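**Q** Give the three-dimensional model of this entry:
(2 chains)
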Amino acid sequence: MACCQSRRKTPPPSAVHCRSWLLLAALCNLCWRGRRSSSFTIKPGLQTLMTLAIKEHEQHERLEKLKTLFGLPVNKAKLTSQRTRLKNQNGFHLCRLGREVYTFVSTSRMSGSLLNMFSKGTKRKFSDGDEEISDESLVGARVASSYSLQRQSLLDMSLIKLQLCHMLVEPNLCRSVLIANTVRQIQEEMTHDGSWHMVAEAFCSAGQSPSERLVATEVLCRSREQDAEPKLFSVISYEGCREEEVVADETLCSVSVSDTVSNVCLAGRIGQCWEKSELSGVERDEEALEDSRLGSGEDEEIDTKDRASTESPKTIGQVFGTFEIKNGSPGPDSALEELFSDVDTSYYDLDTMLTGMQSAPKMGPYDILDSLAPSHSSPSIVSTPNCRSDLNELDHIMEIIVGS
Amino acid sequence: GYLTDVSVSARPTADIISTVEFNHSGELLATGDKGGRVVIFQQETENKSQSQWRSEYNVYSTFQSHEPEFDYLKSLEIEEKINKIRWLPQKNAAQFLLSTNDKTIKLWKISERDKRPEGYNLKEEDGRYRDAATITTLRVPVFRPMDLMVEASPRRVFANAHTYHINSISVNSDNETYLSADDLRINLWHLEITDRSFNIVDIKPANMEELTEVITAAEFHPHQCNTFVYSSSKGTIRLCDMRASALCDKHSKLFEEPEDPSNRSFFSEIISSISDVKFSHNGRYMMTRDYLSVKIWDLNMENRPVETYQVHEYLRSKLCSLYENDCIFDKFECCWNGNDSVVMTGSYNNFFRMLDRSQRRDVTLEASRESCKPRQVLKPRRVCAGGKRKKDEISVDSLDFNKKILHTAWHPQENIIAVATTNNLYIFQEKVN
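**A** Numbers count the residues shown, from 1 in each chain, chains lettered A, B, ... in the order given. The predicted structure is shown next:
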């Protein structure tokens, strides 16, 4: 972690903006993809990224939208009085979505009616004093955008809730099921609206060259060799011991500081490509893979993947070369191990995320690396005991990167 | 009316109360807490013959029912919090209750001892053995009265039958069996047999990713030993007949109210999740509690409840905030009074609601030290949903969502209620004018 502090440079705003949009889109994309398998997907490593993405996105866009919403030039007089009343009534309070993630939620009854956009058709009981807003035409155009805004924040909130789990005690299954159903509901609606598709398209369609775009983009979109469909990643499962992904926390890789953003990558994704190319050479442990597959819906893409994987190790080398290698051994292999060794495997374990229900002893995602690539001499991956300190650490890193 | 006298009992420890239950006679009141302890109160009646008698509940017995455990296979803690307590009908001098945490159910015997033998030949009074050579005479030991001692001893431990968290237990009317329900399965036990249980309901899907519904509560019918109901997180109640088949996955009756399309929102499913189901004492009705309402169902009518009562409708516009702070997942319980004419349930800000079915009235009362003085009548509370706040009303935004009353119990015969706030237990008695 010392490297990031000593060589920190603030990325140019546009890059940050791009990245924030990308990350958020990646999140949405992955979630959309999940519908195909009738479950939604979340990349576990994106936990902190979600926080970051939402935060950045909010800083750049959502707050502005909210401000614009209430700064409508239509009928200024009424709106001014609205805003005054809102402020006077402690109109807004920061609604905490998660750690360091906030959105504005109004507690006043005026904006309570806006919050009612969530509940379509709920009768607004505070009819007196609501004359300004009860006239739908006033905020007609903005209702839709505020609704989608609120829906988006609800989705973000739900996903964070699902990810944040109590590591010591099994999380409440009923609560998890209800939140998951809510997320599915939002997803379905967004798919109906076409919002998912738009978001997915928005960043997949651009066929920029790898050097301009984040590597993550193309890895996700596979715009080079394959079709533009993003990969299906690990699945949120209530008993998902078979679907553990090899995913590294992006924040660790994105610590690689350089001016171009091309070094930022989904190391885990690439790591998987790279590692799958190892598969052909290494004796497979069938049983191990049976229990801890690297992704359920991806078998069809493995054959085409190898082409990508040949190029990937170079990228990894570039990326990981910027890391301070603690044990001093060079090369991407050890760097990869070193990268993973900092990460608390249990944190990324989908099992413990939701219910901790496992029928068989878990095989952590990084155990796969160990079993598949025996040539690596690095010590076995040890899961750090407390994921909270890791989270704080990662958060700290992200803050530094964002320069907030 | 329902303005009640107050007899406040604070529990000796400050742990969060997790369950409250009267026994079948109402003389004993058991509470379980987050620390795995069970505290039993006993009713002391003074001057019961007089018209204005007043009951007091004093601590009768305290024991540690469950200890925290660690599941080494999953590297997870098993909480010792007592989820439910159910009393068995009394058969002899001793009392029996079932208490359960997330994984293990225990049968406890609570017995009194008020005599002890004295005058042993070979032992001194303090237990030391006498030297046989010094004994010159023999005597017959006799029983002498002693201070009342209440002993609780675990008689059965029913373990290792649940993969998921136990949310309900219910003793059958046959007094031989009971059921325990977790999120996905319901097991039938015999009270004498601890190493085996019979699975009667299993809603676990083959692929856990397809899981969308869990079991939230289950109860045996009070009179028909073959009938039980279980509620789900989707707002449905299924009534099952154990005579129909060994595995009761197929319900005999499905109680579900069609959704009101005008109230549809992203939170509709969450607030429709049933947190508690209770049969009426006469066995003709059952009551369900979801987040915002209480519904009374006639067992003969499946398509809609016969009565619906709003508990705190003013929260409907706050669902987003309540979702954010997780309050929307709170599981409120509900209870019937002895003759099934009034139902009671809890709310936030230490409010609880009494809903009179016969007179179509309802009242909101508060359980707090400030508003309750002993022998003082409780004042009805009002919550102002919006608009001008009248005097004595409290506005929705001032409600304290950390002060929630999840557990309430009603004496089976008298109008005495037990209301559990976070750390305190309040016992109210109806004042008869």
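**Q** From here on, just use CA atoms for contacts and neighbour counts.
**A** OK.
**Q** Please identify the residue of the stretch 301-433 of chain B positioned nearest to chain A.
**A** For the stretch 301-433 of chain B and chain A, the shortest gap (CA to the nearest CA) falls at B:Gly386, measuring 5.5 Å.
**Q** thinking that residue is in contact with B:Asp397, fair?
**A** No - B:Gly386 is beyond contact range of B:Asp397, at 9.5 Å (criterion: CA atoms under 8 Å).
**Q** So what's the predicted local confidence for the one residue in the stretch 251-400 of chain B that gets nearest to chain A?
**A** Proximity of the stretch 251-400 of chain B to chain A (CA to the nearest CA) peaks at B:Ser265, 4.0 Å away. Predicted confidence (pLDDT) for B:Ser265: 89.
**Q** quick one: average confidence on stretch B:336-347?
**A** For stretch B:336-347, mean pLDDT is 96.
**Q** Check the offset of it from the chain's centre.
**A** Computed by CA atoms, centre = their mean, to the nearest Å, the chain-centroid distance of stretch B:336-347 equals 13 Å.
**Q** Start and end of that stretch, how far apart?
**A** By CA to CA, to the nearest Å, the extent of stretch B:336-347 from end to end equals 16 Å.
**Q** Stretch B:83-90 now?
**A** Taking CA to CA as the measure, stretch B:83-90 stretches 22 Å from start to finish.
**Q** Could you list the residues in contact with that stretch?
**A** For stretch B:83-90, contacts defined as CA atoms under 8 Å, 6 or more residues apart in numbering or on different chains pick out B:18-24, B:30-32, B:95-102, B:166-171, B:175.
**Q** Give the buried residues for stretch B:144-163.
**A** Neighbour-count burial for stretch B:144-163, counted by 16 or more other CA atoms under 10 Å in any protein chain shown, picks out B:Glu151, B:Ala152, B:Arg156, B:Val157, B:Phe158, B:Ala161, B:His162.
**Q** What is the nearest of those residues to B:Asn121?
**A** Nearest to B:Asn121 among the buried residues of stretch B:144-163 is B:Glu151, at 26.4 Å by CA to CA.
**Q** in what helix or strand does the closest one lie?
**A** strand B:142-158 (DSSP states H and E).
**Q** and the next helix or strand after that strand, which strands flank it?
**A** The helix or strand immediately downstream of strand B:142-158 is strand B:168-171, counting by DSSP H and E. Counting by DSSP bridges, the strands paired with strand B:168-171 are strand B:177-181 (antiparallel).
**Q** Distance from the chain centre to the strand it pairs with, please.
**A** Using CA atoms, centre = their mean, the offset of strand B:177-181 from its chain centre is 15 Å.
**Q** who touches it?
**A** Residues from elsewhere that reach strand B:177-181 (CA under 8 Å, 6+ apart): B:166-172, B:186-191, B:215, B:217-220.
**Q** Now that strand: buried residues?
**A** Within strand B:177-181, judged by 16+ other CA under 10 Å, the buried ones are B:Thr177, B:Tyr178, B:Leu179, B:Ser180, B:Ala181.
**Q** Give me the residues contacting the strand holding B:Glu151.
**A** For strand B:142-158, the surrounding residues in contact (CA under 8 Å, 6+ apart) are B:60-61, B:63, B:104-119, B:191-192, B:194-195.
**Q** Direction included, what does that strand pair up with?
**A** In the sheet, strand B:142-158 lines up against strand B:105-118 (antiparallel) (DSSP bridges).
**Q** What's the end-to-end length of stretch B:359-377?
**A** 21 Å.
**Q** which of the residues in it are buried?
**A** Neighbour counts over stretch B:359-377 (16+ other CA under 10 Å) mark B:Asp362, B:Val363, B:Thr364, B:Leu365, B:Glu366, B:Ala367, B:Ser368, B:Cys372, B:Val377 as buried.
**Q** try stretch B:103-117
**A** B:Lys103, B:Thr104, B:Ile105, B:Lys106, B:Leu107, B:Trp108, B:Lys109, B:Ile110, B:Ser111, B:Glu112.
**Q** outside of it, which residues touch it?
**A** Contact with stretch B:103-117 is made by B:65, B:78, B:93-100, B:141-166, as judged by CA under 8 Å, 6+ apart.
**Q** Does B:Asp400 touch B:Asn349 like I think?
**A** Yes - taking contacts as CA under 8 Å, B:Asp400 lies within contact range of B:Asn349: 4.7 Å.
**Q** quick one, which of those two is more surrounded?
**A** Between B:Asp400 and B:Asn349, counting by other CA atoms under 10 Å in any protein chain shown, B:Asn349 is the more crowded of the two (19 against 12).
**Q** From B:Val306, how far off is the more buried one?
**A** B:Asn349 sits 29 Å away from B:Val306 when distances are taken as CA to CA.
**Q** so who does the closest residue to B:Asp182 other than its chain neighbours touch?
**A** Distances taken as CA to CA, 6 or more residues apart in numbering or on different chains put B:Ile166 closest to B:Asp182, at 4.0 Å, once the chain neighbours are dropped. When contacts are counted by CA under 8 Å, 6+ apart, B:Ile166 touches B:Asn83, B:Thr100, B:Asn101, B:Asp102, B:Lys103, B:Ser180, B:Ala181, B:Asp182, B:Asp183.
**Q** List phi and psi for the first one.
**A** The reference is to B:Asn83. Phi and psi for B:Asn83, reported as degrees, to the nearest 10, are phi -80, psi -40.
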